[in-house]
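Student: how would this look folded up:
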Amino acid sequence: MNILVVGAGEMGRWFGAVLQDDPDLAVDLAVTDADPAIAEAAADAIAARAVPLETDERFDLVCVAVPIPATRDVIAEFADNATAAVADLAGYMAGPLAAMAEHAPERERISLHPLFAAANAPGNVAAVVENGGEIATAVRSALSSRGNRWVETDAPTHDEAMETVQASAHAAVLAFALAAREVPEAFHTPISAGLFDLVEQVTGNDPRVYADIQETFEGAGAVADAAGRLADADRAEFVELYREASDG
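Tutor: Numbers count the residues shown, from 1 in each chain. All right, here's what the predicted structure looks like:
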């Protein structure tokens with residue numbers, strides 16, 4: 001199977017390596033990136049070959065692994081390079097799948113969202129497959145053989161869930177980080193220590209990725225509203241909100 005990964009960042013490299021290492025697949029892997037140096041580095045790291053963005057080569061599978069705002073345009077640009085299947089790793093499914101349906105209607109269309117950073121693999125991989133076939137089956141097998149759990153879903157269900165598990169969760173952690181003061185380590189409780197651990201985990205990445213998530217999914221506003229309700233509540237209202245949170 002010959003594969004092109006468009007976008008040679010963390011997740012693009014991870015996806016290419018997973019397929020490259022699968023013993024049941026004979027993979028000819030190519031990578032490309034807006035920055036040729038990044039493509040060359042990725043090619044060296046995962047035993048692939050770098051190709052220019054303007055390549056006219058054809059591939060069984062083209063996987064788009066670029067930031068959310070660029071995904072639809074990149075799918076449109078590279079759809080004709082795919083002979084059998086187009087996939088994406090954007091983490092947002094409605095838009096990419098619509099672009100695939102428009103620009104690659106006869107090909108297999110696979111939208112994947114690894115619900116983890118590449119360094120934390122394996123884990124759950126949310127997946128929507130449209131017009132599935134041999135390529136989708138092979139991708140699923142390769143991911144599963146590396147210990148990942150393939151979670152079949154649909155775009156509305158996935159994207160609605162991301163409002164909570166990404167947009168709201170990130171906003172809550174970052175808001176705590178912005179509001180928190182430095183305290184002696186001996187004063188930490190298990191709750192506060194856990195929150196600071198989450199702050200370290202969230203803030204140790206590329207802020208542009210988190211900005212893309214906030215622009216794509218609602219959820220931060222709900223966190224702000226909830227914090228405001230707590231801050232303005234009197235004792236009785238606070239108790240009711242606490243119970244609401246406990247039940248929720």
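Student: how about stretch 62-77: buried residues?
Tutor: Under the neighbour-count criterion of 16 or more other CB atoms under 10 Å, stretch 62-77 has 62-68, 70-72, 74-75, 77 buried. For every residue, glycine as well, the C-beta is placed using N, CA and C.
Student: from the residues you listed, which single one is nearest residue 98?
Tutor: Among these, residue 72 lies closest to residue 98 (CB to CB), at 7.6 Å.
Student: just to revisit the earlier point, next step: the buried residues of stretch 62-77 restricted to strands.
Tutor: 62-64 (DSSP state E).
Student: could you dump those to JSON lines with distance to residue 107 and pLDDT?
Tutor: Written out in JSON lines, the entries for those read as follows (distance: CB to CB, whole Å; pLDDT from 0 to 100):
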{"residue": "62", "distance to residue 107": "9", "pLDDT": "98"}
{"residue": "63", "distance to residue 107": "12", "pLDDT": "98"}
{"residue": "64", "distance to residue 107": "13", "pLDDT": "98"}
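Student: and the residue minimising distance to the centre of the chain, what does it touch?
Tutor: The C-alpha lying nearest the average C-alpha coordinate of the chain belongs to residue 91 (CA atoms, centre = their mean; 3.6 Å). In this structure, residue 91 makes contact with 68, 113, 162, 166, 213, judged by CB atoms under 8 Å, 6 or more residues apart in numbering.
Student: So it: helix, strand or coil?
Tutor: Of the three states, residue 91 takes coil according to DSSP: H, G, I helix; E, B strand; the rest coil.
Student: And it, how far from residue 54?
Tutor: Residue 91 sits 27 Å away from residue 54 when distances are taken as CB to CB, to the nearest Å.
Student: now swap in residue 106 and tell me
Tutor: In this structure, residue 106 lies at 24 Å from residue 54, with CB to CB as the measure.
Student: Check residue 33 too.
Tutor: Spatial separation of residue 33 from residue 54 under the definition CB to CB is 13 Å.
Student: mind listing the helices for this protein?
Tutor: Per DSSP state H, the chain has helices spanning 10-21, 36-45, 68-78, 94-103, 134-145, 155-162, 169-179, 190-202, 207-216, 220-232, 235-247. These are given in chain order.
Student: now these as TSV including mean pLDDT?
Tutor: As requested, the helices of the chain are exported to TSV (pLDDT from 0 to 100):
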stretch	mean pLDDT
helix 10-21	95
helix 36-45	95
helix 68-78	97
helix 94-103	98
helix 134-145	97
helix 155-162	98
helix 169-179	97
helix 190-202	95
helix 207-216	96
helix 220-232	96
helix 235-247	96
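Student: Great, nothing more from me.
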